[in-house]
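J.: quick one, fold the following:
(one chain, ligands or ions: 1)
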Amino acid sequence: MSSPPLELRGVARRYSTEAGTLEVLRGVDMALQAGEVVALVAPSGTGKSTLLHVAGLLERPDGGEVLVEGRAAGTLGDDARTEIRRSTIGFVYQFHHLLPEFTAAENVMLPQMAAGVGRSKAAERAKDLLGTFGLAARLDHRPGKLSGGEQQRVAIARALANAPRVLLADEPTGNLDAATAELVFAELLNEARHRGLAALIATHNNELASRMDRVVTLRNGVLVPG
Ligand SMILES: Nc1ncnc2c1ncn2[C@@H]1O[C@H](COP(=O)(O)OP(=O)(O)OP(=O)(O)O)[C@@H](O)[C@H]1O
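T.: A predicted model of the protein is given here:
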């Protein structure tokens, strides 16, 4: 059997604070299979973002390992992690984090060009992706001229730009009104399923969580089912 796109083994992460050491992750184990969309539920402040950042190779674990397609990746150096992240992992944040001085299309082109794709090919792919999210008429708009839902759709298109096998999302619709959140979530779920991605989507919303394939909860620094 091939390796899961993403696996966490005994992942630990702690922060030094004035009050002492804060053990946020105490041995997180999880395997995320291709085609599986998993909900990550965690009360605020328990380490959900920390977990996603470590899983997405943005931060290194203090213990344990993150395996990407079977390769120990979490504890590699910054350049190697960046390389693997760029080619394998798409990340959607709660706030879109788009670059305000670039257009929607350019925001989707940039990660591709950073990965070595030529400008015209990147532009073509950005157009296709943004079209998928109903933004064909918004390619040349800067983020400030887009609605919240449109901004988040651009952010999702950007996360998919390099055809990742893993999609990580940190409350991707948490900043939208309920009706827009529903539409954007449905599109995100649809794309993740259509592409057969291994997806981990953090949400505080139990109804959204129940529509994913399974739910994991972060409790006392470990993941438990349900
Ligand atoms: N760089 C850091 N240094 C010190 N403490 C940190 C650091 N990053 C996070 N923490 C602390 O670790 C804990 C978990 O933070 P994290 O951002 O992962 O929580 P979260 O579950 O994502 O919260 P929320 O849902 O409110 O965004 C919090 O108590 C936070 O204050």
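J.: show me where pLDDT drops low in the chain?
T.: Along the chain, segments meeting pLDDT under 70 span 1.
J.: which parts of it sit against the ligand?
T.: 15, 17, 22, 24, 42, 44-50 (CB under 6 Å from any ligand atom). Where C-beta positions appear, they are placed from N, C-alpha and C, glycine not excepted.
J.: of those residues, which belong to helices?
T.: Under the assignment DSSP state H, the residues of the chain next to the ligand contribute 48-50 to helices.
J.: most neighbours among these, which one is it?
T.: Within those, most neighbours by other CB atoms under 10 Å means Thr50, with 23 neighbours.
J.: burial count for the nearest residue to that residue once chain neighbours are set aside?
T.: Leaving aside its sequence neighbours, Thr50 sits nearest to Val24 (CB to CB, 6 or more residues apart in numbering; 4.9 Å). Close neighbours of Val24, defined as other CB under 10 Å, add up to 21.
J.: my guess is Val24 contacts Ser49. True?
T.: No: judged on CB atoms under 8 Å, Val24 makes no contact with Ser49 at a distance of 9.5 Å.
J.: could you dump the residues of the chain next to the ligand into TSV and include distance to Lys121?
T.: Listed next are the residues of the chain next to the ligand as TSV, based on distance: CB to CB, whole Å:
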residue	distance to Lys121
Tyr15	41
Thr17	46
Leu22	45
Val24	40
Ala42	39
Ser44	41
Gly45	42
Thr46	42
Gly47	39
Lys48	35
Ser49	33
Thr50	36
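J.: quick one: which two of those are the most distant?
T.: Thr17 and Ala42 (19.0 Å; CB to CB).
J.: the two: which is more packed in?
T.: Counted by other CB under 10 Å, Thr17 and Ala42 do not tie: Ala42 has more neighbours, with 20 against 8.
J.: need phi/psi at the more buried one.
T.: Dihedral angles of Ala42 (phi, psi; degrees, to the nearest 10) stand at phi -160, psi 130.
J.: thought it was touching Ala209?
T.: No: using CB under 8 Å, Ala42 is not in contact with Ala209; the gap is 10.9 Å.
J.: from Lys145, how far off is Ala137?
T.: 12 Å (CB to CB, to the nearest Å).
J.: for Val222, same thing?
T.: The spacing between Val222 and Lys145, counted by CB to CB, is 44 Å.
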